[in-house]
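1. When you get a sec, could you give me coordinates for this:
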Amino acid sequence: MSHTSPHMHPVQQHDVGDQTELLDLDAEVLAEHLASITDWLPIESSPRGIVDLGCGTGAGVLALLRRFPEAELTAVDSSGVHLHRLREKVAAAGAADRVRIVQADLDAAAWPELGTPELVWASASMHHMADPDRALGQVHELLAPGGLFAVVELAGFPRFLPEDAPKEAPGLEERCHAALDHHHAEHVPHRGADWRTKLAKAGFTIEGERVVAVSIDPSETDAVGRYALSSLRRMRGSVAPALTAEDLTALDRLLDTGGPHSILRRDDLRVRTERTVWAARRA
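-> You can find the predicted model right below:
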């Protein structure tokens, strides 16, 4: 399993490709909000070493490199496809010499050597761990004394459509999210966990908690339609068995990029989601 947003379980190669596209779009559309999170972190002195656990295609890596220009970063993920994309991104940013890339399964009993970082970042990865409490303990041991652990978790897949859309199946997106929540309850049981309590039990002191509300319309970025398309495509595989035939037909019409009902043709989309970040200090 690759510990990145929005992974759910092992996937076939073409699914990994779709997921890579979605992660890249997520980074593009939500870049400003991600920067606001890194700016908010209660950093006492600029870290020299940073570890990103479950780095995906590098949204957090690039944001952290910009926020801390003197730091060196170790990026960890289990997906070779995602790490290949990350290599391309850091090379394009001229930061390849500041990034060490490690392919590893974070559910393994022993983690690879990751140094003694002053900052560990985990965005949408902790809930994918088979044993999050054990992983939190490993992060506590990994961090330098006084170091900070930033945990970012998602409220779920973003929403895009108005409540009364589409015309032939009003409320379709909410029903898809309800089906996805049911799927996650079975396959991703740690989504929505009480991370504040878990962090405290692992020995961390919580120094801050923040909810970042996101609301972005297409006038702010031309990627909203593509982001909506990629997100709903990704969601379809999990929710299709729970949808009625009418809802599935309506969803497929939205996903048909050549059809008149394509989500890419809509001018009423808006990205709506929330992210919560916890800043936890090792004593």
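2. tally of neighbours for the residue lying closest to residue 171 once chain neighbours are set aside?
-> Residue nearest to residue 171 in three dimensions, not counting chain neighbours: residue 163, with 6.3 Å by CB to CB, 6 or more residues apart in numbering. Backbone N, C-alpha and C define where each C-beta goes, glycine included. Here the count is done by other CB atoms under 10 Å, and residue 163 has 10 residues near it.
3. Return the residues in contact with residue 206.
-> 196, 199, 200, 278, 279, 280, 281 (CB atoms under 8 Å, 6 or more residues apart in numbering).
4. whoops, I mixed them up, residue 177
-> 156, 157, 159.
5. Apply 7 Å and report the result again.
-> 156, 157 (CB atoms under 7 Å, 6 or more residues apart in numbering).
6. Just the CA atoms of the one helix or strand it maps to, as PDB, please.
-> Assessed by DSSP states H and E, residue 177 sits inside helix 172-187. The C-alpha trace of helix 172-187 is given here as PDB (Å, rounded to 0.1, in the frame of the first residue of the first chain):
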ATOM      1  CA  LEU A 172     -26.000  12.500  -6.800                       C
ATOM      2  CA  GLU A 173     -22.700  13.700  -5.400                       C
ATOM      3  CA  GLU A 174     -23.900  13.400  -1.800                       C
ATOM      4  CA  ARG A 175     -25.100   9.900  -2.400                       C
ATOM      5  CA  CYS A 176     -21.700   9.100  -3.900                       C
ATOM      6  CA  HIS A 177     -20.000  10.400  -0.800                       C
ATOM      7  CA  ALA A 178     -22.300   8.400   1.500                       C
ATOM      8  CA  ALA A 179     -21.400   5.300  -0.400                       C
ATOM      9  CA  LEU A 180     -17.700   6.200  -0.300                       C
ATOM     10  CA  ASP A 181     -17.900   6.700   3.500                       C
ATOM     11  CA  HIS A 182     -19.400   3.200   3.800                       C
ATOM     12  CA  HIS A 183     -16.600   1.900   1.700                       C
ATOM     13  CA  HIS A 184     -13.900   3.700   3.800                       C
ATOM     14  CA  ALA A 185     -15.500   2.400   7.000                       C
ATOM     15  CA  GLU A 186     -14.800  -1.100   5.800                       C
ATOM     16  CA  HIS A 187     -11.400  -0.600   4.000                       C
END
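7. follow-up on the earlier one: quick check on the contacts of residue 206: which are buried?
-> Buried members of those, counted by 16 or more other CB atoms under 10 Å: 199, 278, 279, 280, 281.
8. give me every residue that touches the second one.
-> By CB under 7 Å, 6+ apart, the contact set of residue 278 is 151, 195, 196, 199, 206, 209.
9. Give the closest residue to it in space, chain neighbours not counted.
-> residue 151 (4.6 Å).
10. Against residue 218, how distant is the residue nearest to residue 171?
-> Separation of residue 163 from residue 218 (CB to CB, to the nearest Å) stands at 18 Å.
11. and if you look at residue 73?
-> Residue 73 sits 33 Å away from residue 218, going by CB to CB.
12. Look at those two and report which has more neighbours.
-> The neighbour count for residue 73 versus residue 218, taken as other CB under 10 Å, is higher for residue 73 (26 against 17).
13. In three-state terms, how would the more buried one be classified?
-> strand (DSSP: H, G, I helix; E, B strand; the rest coil).
14. before we move on, the earlier item: so which of the buried ones among the contacts of residue 206 belong to helices?
-> Among the buried ones among the contacts of residue 206, the ones falling in helices (DSSP state H) are residue 199.
15. pLDDT (mean, whole number) over the helix holding residue 177?
-> What helix 172-187 shows for mean pLDDT is 87.
16. Can you show me the helices along the chain?
-> Under DSSP H, the chain gives helices at 13-29, 31-40, 59-67, 80-92, 132-142, 172-187, 195-201, 224-239, 245-255.
17. which residues of the protein score low on pLDDT?
-> For the chain, the stretches with pLDDT under 70 are 1-18, 187-190, 192.
18. again, only using 90
-> 1-23, 26-28, 30-31, 44-45, 109, 127-129, 154-157, 180-194, 217-222, 283 (pLDDT under 90).
19. In contact with residue 263, which residues?
-> Contacts of residue 263 by CB under 7 Å, 6+ apart are 225, 228, 229, 232, 254.
20. In JSON lines, list the residues you listed along with distance to residue 112 and neighbour count.
-> Listed next are the contacts of residue 263 as JSON lines, based on distance: CB to CB, whole Å; neighbours: other CB atoms under 10 Å:
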{"residue": "225", "distance to residue 112": "39", "neighbour count": "19"}
{"residue": "228", "distance to residue 112": "37", "neighbour count": "26"}
{"residue": "229", "distance to residue 112": "36", "neighbour count": "21"}
{"residue": "232", "distance to residue 112": "36", "neighbour count": "21"}
{"residue": "254", "distance to residue 112": "42", "neighbour count": "26"}
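21. Thanks a lot, catch you later.
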